[in-house]
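Q: Build me a model from this:
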Amino acid sequence: MLTREYLRWRLSYNKKTGIFRWKRVFGHKVKVGDRTGSITDNGRRVNIWIDDKMYRAHRLAWFYVHGEWPLMGIDHINGDGCDNRIANLRLATQSQNLGNSKKPITNRSGKKGVSWHAVGKKWQAHIKVDGINFYLGLFDTVKLAHEAYAEAATKYRGEFARAE
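A: Sure thing, here's the model as predicted:
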């Protein structure tokens with residue numbers, strides 16, 4: 001089990017940049033002061049390996065600063081999973097974290113929460129909150145459907161709402 005003391009002995013963490021650097025190294029591949037972390041998942045997050053165990057950089061940052069492992073998920077406020085500045089991290093439920101996610105790459109309307117309803121021949125707005133799908137209606141334009149989604153996101157997700 002990784003302790004905070006061991007983590008701080010092995011790595012330094014810059015709260016303003018979110019970057020970890022090696023303080024103690026074993027082996028010849030890296031040097032003291034080298035940046036650590038590998039960008040993974042198509043550029044969506046950073047992993048750090050310590051003693052043959054992989055850790056998510058945002059969880060290490062939280063542990064490094066707060067001295068305890070987060071008991072829930074961690075949300076990147078600006079939506080950039082590689083931006084691990086402590087000011088960009090906050091505790092979040094899975095639903096809150098998903099609410100702050102960007103639109104899926106499979107989205108064809110160009111707007112989060114909006115899809116084409118083939119039977120109704122209109123744009124449909126929908127939102128998922130705490131695992132429950134909410135149908136928001138059919139609309140003549142993508143803009144109107146997206147406005148309905150944005151309003152629902154603000155209502156149900158508050159500070160975790162991301163409409164774009």
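Q: Please make it C-alpha for all contacts and neighbour counts, starting now.
A: OK.
Q: secondary structure class for residue 134?
A: Classification of residue 134 by DSSP: H, G, I helix; E, B strand; the rest coil places it in strand.
Q: Pull the number of nearby residues for the closest residue to residue 93 other than its chain neighbours.
A: Distances taken as Cα to Cα, 6 or more residues apart in numbering put residue 73 closest to residue 93, at 5.7 Å, once the chain neighbours are dropped. By other Cα atoms under 10 Å, the residues close to residue 73 number 15.
Q: mind pulling up the phi and psi values for residue 73?
A: Dihedral pair for residue 73: phi -70, psi 170, per degrees, to the nearest 10.
Q: what bridges to it?
A: Taking DSSP bridges, one obtains residue 92 as the residues bridged to residue 73.
Q: do residue 126 as well
A: Residue 126 has the following beta-bridge partners by DSSP bridges: residue 135.
Q: that older thread, would you quantify the distance from the residue nearest to residue 93 to residue 94?
A: 6 Å (Cα to Cα, to the nearest Å).
Q: Looking at stretch 6-26 now, give me its mean pLDDT.
A: Averaging pLDDT along stretch 6-26 gives 96.
Q: ok, and what's touching it?
A: 31-37, 61, 64, 83-87 (Cα atoms under 8 Å, 6 or more residues apart in numbering).
Q: List the buried residues for it?
A: Within stretch 6-26, the residues that count as buried by 16 or more other Cα atoms under 10 Å are 7-8, 10-13, 15, 18-23.
Q: repeat for stretch 131-143
A: 136, 138-139, 142.
Q: How about the contacts made by residue 157?
A: With Cα under 8 Å, 6+ apart, residue 157 has these contacts: 96, 99, 129.
Q: give me that answer again for 7 Å
A: By Cα atoms under 7 Å, 6 or more residues apart in numbering, the contact list for residue 157 reads 96, 99.
Q: Helix or strand: which one has it?
A: Using DSSP states H and E, residue 157 sits in helix 142-157.
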